[in-house]
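J.: Fold the following for me, if possible:
(chains A, B, C and D, ligands or ions: 4)
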Amino acid sequence: MAVKQYIEAIRDALFEEMRRDERVFVLGEDVGVRGGVFRVTDGLYAEFGEYRALDFPLTESAIVGVAIGAAAAGMVPIAEIQFADFIMPAVNQIISEAAKFHYRSNGDWNCPIVIRAPYGGGIHGALYHSQSVEALFTHVPGLKIVTPATPYDAKGLLKAAIRDPDPVLFFEHKKLYRSIKAEVPEGDYTVPIGRAAVVREGTDLTVISYGYTLHLALEAAGELAKQGFEAEVLDLRTLRPLDESAILAAARKTGKVLIVHEDNKVCGVGAEVSAMIAEHALFDLDAPIRRLAGPEVPAMPFSPTLEKAYMLTAQKVYDAMLELARF
Amino acid sequence: MAVKQYIEAIRDALFEEMRRDERVFVLGEDVGVRGGVFRVTDGLYAEFGEYRALDFPLTESAIVGVAIGAAAAGMVPIAEIQFADFIMPAVNQIISEAAKFHYRSNGDWNCPIVIRAPYGGGIHGALYHSQSVEALFTHVPGLKIVTPATPYDAKGLLKAAIRDPDPVLFFEHKKLYRSIKAEVPEGDYTVPIGRAAVVREGTDLTVISYGYTLHLALEAAGELAKQGFEAEVLDLRTLRPLDESAILAAARKTGKVLIVHEDNKVCGVGAEVSAMIAEHALFDLDAPIRRLAGPEVPAMPFSPTLEKAYMLTAQKVYDAMLELARF
Amino acid sequence: MTTPKHRQVGLTDQQVVDMYRYMLLARTVDERMWLLNRAGKIPFVISCQGQEGAQAGAGFALDPSRDYIAPYYRDLCLVLIYGHTARTELLSAFGKPEDPNSGGRQMPGHFGDRRRRIITGSSPVGTQIPHAVGAALAARMRGEDFVSYVSFGEGTSNQGDFHEAANFAGIHKLPVIFFCENNQYAISVPTQKQLGCANVADRAAGYGFEGVVVDGMDPLEVYRVMRAAVEKARSGGGPTLVEAKTYRLVPHSSDDDDRTYRSREEVEEARRGDSLVRMRSYLLAEGLLDDAAEASMKQAILDEVNEATAYAEAAPHAAPETLLQHVYAEGGGGPWQ
Amino acid sequence: MTTPKHRQVGLTDQQVVDMYRYMLLARTVDERMWLLNRAGKIPFVISCQGQEGAQAGAGFALDPSRDYIAPYYRDLCLVLIYGHTARTELLSAFGKPEDPNSGGRQMPGHFGDRRRRIITGSSPVGTQIPHAVGAALAARMRGEDFVSYVSFGEGTSNQGDFHEAANFAGIHKLPVIFFCENNQYAISVPTQKQLGCANVADRAAGYGFEGVVVDGMDPLEVYRVMRAAVEKARSGGGPTLVEAKTYRLVPHSSDDDDRTYRSREEVEEARRGDSLVRMRSYLLAEGLLDDAAEASMKQAILDEVNEATAYAEAAPHAAPETLLQHVYAEGGGGPWQ
Ligand SMILES: Cc1ncc(C[n+]2csc(CCOP(=O)(O)OP(=O)(O)O)c2C)c(N)n1
Ligand SMILES: Cc1ncc(C[n+]2csc(CCOP(=O)(O)OP(=O)(O)O)c2C)c(N)n1
Ligand SMILES: [Mg+2]
Ligand SMILES: [Mg+2]
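T.: Numbers count the residues shown, from 1 in each chain, chains lettered A, B, ... in the order given. Ligands and ions are numbered 1, 2, ... in the order given. Down below sits the predicted model:
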């Protein structure tokens, strides 16, 4: 085992998969010579050459559309969208095409593409370099949505995504890239898509989260333990398909549920998790289902005071947890 | 008062608003000479000429983008997207631009556009002429989403949308166009955006719906009354902003809630409504919150048996209501 | 004696007769669908009528054993050349699960067939253009010699996806042919309200490759131009944008009424230039067809279409529970690997 | 004695000196932002350096009292000509609420100002192109004589939005100028990996209007070409696509390291053609500037930038509760009516 940053774990997965299978290649803006604006794809160009680390023109719809076509002709493309905010021009190719390729052809064609995109805020990225866009896609049958929170999961889930026969959106919270380090096994392993993970055991309340805010929840849970409340913390890891049995088990265990995400609340992932619980575990609840999410504004501002006001913090999560624990 | 079809009520609103305010104009594919593929804009070209019933090239992103720019320069554009399914190429202009125009300019600029789109299935439209796309946009702060179910609301809400200073998505269920007729006042009135309406009073259970499925719920409620169960039926009418107080009041009144929509379930509008109730009215509930929605498949097939299997029916709604009423 | 045109462009006598047969088959299947629609038996038709010649010229220049195609909804004649039959298309018209295009999931005209390299298509126009470019990229990356072909209407050439995909193909000189079937209308909107430019082919210069205008009512001319484009693509010369000038002889679809936006005189005028009429005269003049041969060809086609109609109508509908199938592929390691 | 170039193209002596002053002001503000960034005082800069001349030539051809502009993030010099100041732009760099562009909500370089007809811009590239076309449509519909101007990079000319908007403008001959600032790179990707064609201007033919390539390092040439385009647009002659060949002298943004993708020699070579250098030589040669005048101009600009920096740094931050403001307009009947 070696200690790796989140970003290194992703890069390792890319290298290993591209060595394993020569059909695998990355395409996107600045992913080649420059190695990506976050340097996720650094080194691929040197090892695999121009076409397998393919610098693409500034055209998101074509990045995804060409990936779909290349996959149809037998390749395994990993498309990078430079910032999740810039996935919007590709929505038609993702929702109308990738998500429906298999279904509309009655199972004849597949669409084994991965779309990687850094998302989330707190890095002075302002309205258009900070968005969380996962809920839009979580709504869509035919897509799979993955949001790892740890280096271990990032590597294992990216490998699973690459080997998956369906289109997978792989969202990387950019605040985790270099802030999170952890042990990652050398070599090959996968983490199954569709499985949540209990990352902290507790009996007083349940916090359900994913991505960056999972770490806030863990930090808050540590603090809360000092007050005598033990939180169960569930990392969703995959947003579509949601791991219903893990969610219901975690909810039932404590009877008090707080869902935390940075994406805004209305019709967000938390809405679905909450509705699932309200439908299948209502009588196991001892408190209203709470959601703590980004505010209902179009996106976070550049202004440091406003960015701070937008972002969730361990303190805000702690406050919500304490209130629920005391309910 | 005159009895009008849903489609006529919409057309009346267009005529009246275009006569009232010469800044108002419609643009879209086939909206001019042809009067729209559903004939919603029939007659506008004759009365208002080429530019105010503007036949646009087959470019949804530009339809919305040009509308935004025209609005910036003082016009009041009503963009038609021929089928809601084809709104996907315009998502970037809608979510990145229209929704954020006001916020990102700190209130300096406005984006007073309306985007009309026929949605929904049951007309043999197959995967790409039947979709319900409202949940994607309901998630997005900065947009307003309207889904009238009756001729009266269609006319009044469209007028309100045209006069609204914000971008409004106006979704018209195409199965209602000619199947629903009702009294509509002559002349000018508006229906406020953001207000739900109780369309049937009842004490045993609450059904919350909108659009076409509202009519299924009303039909089923009539049947259910014969079994001695009286359903309260709430028409959301506006999906963003949701009318929280009306939703909570309707939920509290009966303690049993069923949410019905044709759009699929995961992260749909029903998820938000359910989560809202589970957060604010949990202890008023006597039963789990139920959702009846389109299945988790990419879109409805052409095959008549599969389309039928996909679509909600009064029978399916009735069954779900009865089960809940008996809970 | 001068060499007949079809030999000049490289087609054998048999091939040019076959070409005509495909055009006639496409027309006959198409007309049958309208009849079935008007009789209330199928809910929707979208037609190839008027564009058979362009499609036949294009299809004969491709190699179905290796070249990928990403057709659009009017390409009935093309998919017949690629191995589909009256039966498969009638199955699709009835929305039956035996339809190889989509198992009846999509409207008729939404083609697809993995085995035959027909990339599954959808309704939002233009999305197939980057797909074809992606297939061409795969050819380049693996050093294989297949080409990729994509067709679309002139209205669709205004979509962003056309522009983005064509530009990428131009940069890498990918083996792809962009085939625009310019039938003068996008539903009701005529070309002068759709296109800022005179010819769609003019756009190719903006992507660094050649654009060619060809008379789409002349299958042999289309073949000639397409064959050159295919040879160029196969030998590393990069993409070509071929614009075939055609005319849609019938309404946009069974839901349209074209009398609201174009005169009957205009349509009648166009009918006189119908590629089927021209091709028939050519074959008669060249002595490749006579009355007897024509009659037996027509009869054979009619028999085929009748049989197909009967079969498709009688075929079972999809079982309701199959609605939930194929949302996701069945596990990893499936056929895609 | 021949008429000096600036008079030939229709600029007065005062105007050409002003033009230079704006260029110098833009450069000085830009450099200050880099200093502030490297000192850790502001988190982000995106530069106009290398493109001031092109922007000045364009800006002087427009009429800020009536023409709409939809600039992109490098257009610092242009928005200064449109009435913004060192102070407004430094306020934006510090993300302060007094910034008229966005009240500090957006990154620096995201311009907007309703009073000055600067249409609010965003980060996803190319979205502003249809906006400018929409403004031009409004001019046409109301019979007003303003024109609309939109600028963007050559990488952005590959986006679907460019294509769709340019085509619509071409169909209706709308009064809009498409101004491409081709600085040779889209972040790290050079033009030959971005563009299938040699010149972005080549694309205009695909939309039925004129495309012009101009040396973007020569503000007077840009002015000449732009003035013709504006006059054409104002008099009903339709759109023009102007491509100004420039060079980005600094990294893409403060987050970039351009040494990973281009040589120092290449950058140094480009610096020699810097429009500021050329403009200064021109003014000196024409006797419109001398050492004393230059020194006092520089000092005045420096004072302005120093004052602006101090003001912007000291200005209060946005109150946290304003986060929730302006999601929706405050009621109907507001200023938009
Ligand atoms: C993105 C999108 N918008 C709108 C439509 C509706 N529609 C179907 S065909 C068509 C016209 C297409 O015109 P053209 O590309 O010229 O092809 P043609 O039908 O004339 O062959 C339209 C507007 C669609 N299918 N997709
Ligand atoms: C839709 C979108 N995709 C990606 C980006 C990230 N991005 C910002 S600027 C840029 C390059 C722009 O290149 P060009 O249009 O040539 O303008 P330049 O920066 O060179 O002036 C990229 C890729 C973006 N802002 N928007
Ligand atoms: Mg056409
Ligand atoms: Mg550039």
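J.: ok, the residue of the stretch 201-327 of chain A found nearest ligand 4 to residue D:99 distance?
T.: Residue nearest to ligand 4 within the stretch 201-327 of chain A (C-beta to the ion): residue A:302, separated by 22.8 Å. In this view, the C-beta of every residue, glycine as well, is placed from N, C-alpha and C. Applying C-beta to C-beta, to the nearest Å, the value for residue A:302 to residue D:99 is 9 Å.
J.: Report the contact partners of the spatially most central residue of chain C.
T.: Central residue of chain C (C-alpha atoms, centre = their mean): residue C:75, 2.3 Å from the mean position. Neighbour list for residue C:75: C:48, C:51, C:55, C:111, C:151 [criterion: C-beta atoms under 8 Å, 6 or more residues apart in numbering or on different chains].
J.: before we move on, what about residue C:4?
T.: residue C:286.
J.: how far away is it from residue C:57?
T.: For residue C:4, the distance to residue C:57 equals 16 Å [C-beta to C-beta].
J.: Now residue C:153: phi and psi?
T.: Phi and psi for residue C:153, reported as degrees, to the nearest 10, are phi -80, psi 170.
J.: List the beta-bridge partners for it.
T.: For residue C:153, the beta-bridge partners are residue C:181 (DSSP bridges).
J.: hmm, back to that, among the contacts of residue C:75, name the ones in helices.
T.: Those of the contacts of residue C:75 mapping onto helices are residue C:55, per DSSP state H.
J.: now the contacts of residue C:75 as a markdown table including neighbour count and pLDDT?
T.: As requested, the contacts of residue C:75 are exported to a markdown table (neighbours: other C-beta atoms under 10 Å in any protein chain shown; pLDDT from 0 to 100):
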| residue | neighbour count | pLDDT |
| --- | --- | --- |
| C:48 | 28 | 98 |
| C:51 | 29 | 98 |
| C:55 | 31 | 98 |
| C:111 | 30 | 98 |
| C:151 | 29 | 98 |
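J.: In the contacts of residue C:75, find the pair that's most separated.
T.: C:51 and C:111 (14.1 Å; C-beta to C-beta).
J.: circling back to that earlier point, name the nearest of the contacts of residue C:75 relative to residue A:269.
T.: Looking across the contacts of residue C:75 and measuring by C-beta to C-beta, the closest to residue A:269 is residue C:111, at 36.5 Å.
J.: What residues does that closest one make contact with?
T.: Applying C-beta under 8 Å, 6+ apart, the residues contacting residue C:111 are C:71, C:73, C:75, C:79, C:84, C:101, C:118, C:120-121.
J.: before we move on, what about residue C:256?
T.: Contact analysis of residue C:256 by C-beta under 8 Å, 6+ apart lists B:37, C:187-188.
J.: ok, now residue A:121?
T.: Counting by C-beta under 8 Å, 6+ apart, residue A:121 touches A:130-132, A:175, A:262, A:300, A:307, A:310-311.
J.: Tell me the spacing between it and ligand 2.
T.: Residue A:121 is 16 Å from ligand 2, where distance means C-beta to the nearest ligand atom, to the nearest Å.
J.: element containing that residue?
T.: Under DSSP states H and E, no helix or strand contains residue A:121.
J.: pLDDT at it, what is it?
T.: At residue A:121, the model reports a pLDDT of 98.
J.: try residue A:172
T.: On the pLDDT scale, residue A:172 gets 98.
J.: do residue C:333 as well
T.: Looking at residue C:333, its pLDDT is 40.
J.: Repeat that for the one 4 residues further on.
T.: Here the pLDDT value assigned to residue C:337 is 39.
J.: Repeat that for residue C:330.
T.: At residue C:330, the pLDDT value in this model is 77.
J.: Perfect, that will be all.
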